[in-house]
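**Student:** what follows is a predicted protein model with its sequence.
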Amino acid sequence: MPPNTTERYYTRRLSSQRTYRGSDGRFISSEEGIRRGVTPVTSRFYVYRDNQGRRRSKSFVKRQRRRVITLTQTGELLRRESSEITRRVAEVVPSPSFQTIQSQRFRAILNDAVSRRKTIGVQFNDDLYVLNDSQIGDLERFFTEIEYEYIRLFQTILGGSLVLQLLHAEGANGEVFDFDSLTTAPTDFDDDELNDANAEFRRGVSSSWRRYFG
């Protein structure tokens with residue numbers, strides 16, 4: 001959920017639909033289209049919901065003149081971890097429970113953890129990095145870079161208030177941010193523009209990580 005659950009807002013999530021038309025221009029079933037060898041047409045569209053989860057039309061949301069947040073995940077965020085990473089994460093956050101956070105909350109959570117002198121762990125490329133005090137600023141700069149890259153690549157495609165999402169676990173003495181779970185836009189669409197943007201974003205994230213953490 002967005003950080004301020006008392007605010008009235010709407011969300012939109014990108015979806016897609018693949019359709020087939022016969023030679024006369026009429027819609028046909030996917031089974032019939034495949035049998036005939038018809039090239040499908042894939043269309044992208046947004047599904048809008050209010051902050052109670054009820055589906056709303058685009059025209060309704062537009063009339064409300066309220067904040068619209070573009071959600072980029074296609075489902076529950078997934079963790080990639082080996083048994084070794086599971087063990088190392090547990091050393092920072094015993095019995096970790098990972099929850100989804102949105103990019104707007106990242107700095108507040110990080111700064112609070114630093115002020116409490118907690119151990120900060122970052123998962124990246126299925127490895128865990130425990131940061132020292134001098135690396136906290138680098139983590140903030142790294143995150144700022146990937147936010148800008150995200151906006152640059154996806155603002156035109158997705159529009160709206162863009163939100164990056166990642167998994168985070170909090171313990172009494174430590175916190176772990178899972179950048180392997182970072183989501184941008186759906187990757188399950190047959191959509192060259194989205195796929196190209198996702199691939200370029202991943203390259204940019206890796207480049208930024210190497211610049212700050214080697």
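**Tutor:** On my side now, so go ahead. For clarity, every value in this text was computed on a predicted model and none was experimentally measured.

**Student:** is Leu166 bridged to anything, and to what?
**Tutor:** Counting by DSSP bridges, Leu166 forms beta bridges with Ile101.

**Student:** okay but Phe106 is in contact with Glu175, surely?
**Tutor:** No: contact status for Phe106 versus Glu175: not in contact, 11.0 Å apart, counting by Cβ atoms under 8 Å. Where you see a C-beta, it was placed from the backbone N, CA and C, and this is true even at glycine.

**Student:** which of these two has more neighbours?
**Tutor:** Glu175 (22 against 19; other Cβ atoms under 10 Å).

**Student:** how close does the more buried one sit to Gly121?
**Tutor:** According to Cβ to Cβ, to the nearest Å, Glu175 stands 7 Å off from Gly121.

**Student:** so what's in contact with the two at the same time?
**Tutor:** Shared contacts of Glu175 and Gly121, defined by Cβ atoms under 8 Å, 6 or more residues apart in numbering, comprise 92-93.

**Student:** what about Val93, how many residues close to it?
**Tutor:** Here the count is done by other Cβ under 10 Å, and Val93 has 21 residues near it.

**Student:** quick one, phi psi at the closest residue to it other than its chain neighbours?
**Tutor:** When the adjacent residues along the chain are set aside, Val93 lies closest to Gly171, with 3.6 Å between them (Cβ to Cβ, 6 or more residues apart in numbering). With angles defined as degrees, to the nearest 10, Gly171 sits at phi -130, psi 180.

**Student:** okay, now Gly171: neighbour count?
**Tutor:** Other residues lying near Gly171 total 19 when counted by other Cβ under 10 Å.

**Student:** same deal with Ser57?
**Tutor:** Ser57 has 9 neighbouring residues, counting by other Cβ under 10 Å.

**Student:** tell me how far it lies from Gln64.
**Tutor:** 11 Å.

**Student:** I'd assumed Asp126 was in contact with Ser82.
**Tutor:** Yes: taking Cβ under 8 Å as the contact criterion, Ser82 and Asp126 are neighbours in contact, 6.0 Å apart.

**Student:** quick check: nearest residue in space to Glu32, chain neighbours excluded?
**Tutor:** The shortest distance from Glu32 to any residue other than its chain neighbours is 6.9 Å, reached at Tyr20 (Cβ to Cβ, 6+ apart).

**Student:** now for the strand or helix carrying that neighbour, which elements pack on it?
**Tutor:** Secondary structure from DSSP states H and E places Tyr20 in strand 9-21. Where contact means 3 or more Cβ pairs under 8 Å, 6 or more residues apart in numbering; DSSP states H and E, strand 9-21 is packed against strand 27-28, helix 30-36, strand 41-50, helix 58-64, strand 67-71.

**Student:** quick one: name whatever helix or strand follows the helix or strand containing Phe179.
**Tutor:** When elements are assigned from DSSP H and E, Phe179 belongs to strand 174-183. Downstream of strand 174-183, the next assigned helix or strand under DSSP H and E is helix 192-213.

**Student:** mind listing what's buried in that following helix?
**Tutor:** For helix 192-213, the neighbour count (16 or more other Cβ atoms under 10 Å) marks 194, 197-198, 201, 204-205, 208-209 as buried.

**Student:** next: stretch 113-129.
**Tutor:** Of the residues in stretch 113-129, those with enough neighbours to count as buried (16+ other Cβ under 10 Å) are 113-114, 118-124, 128-129.
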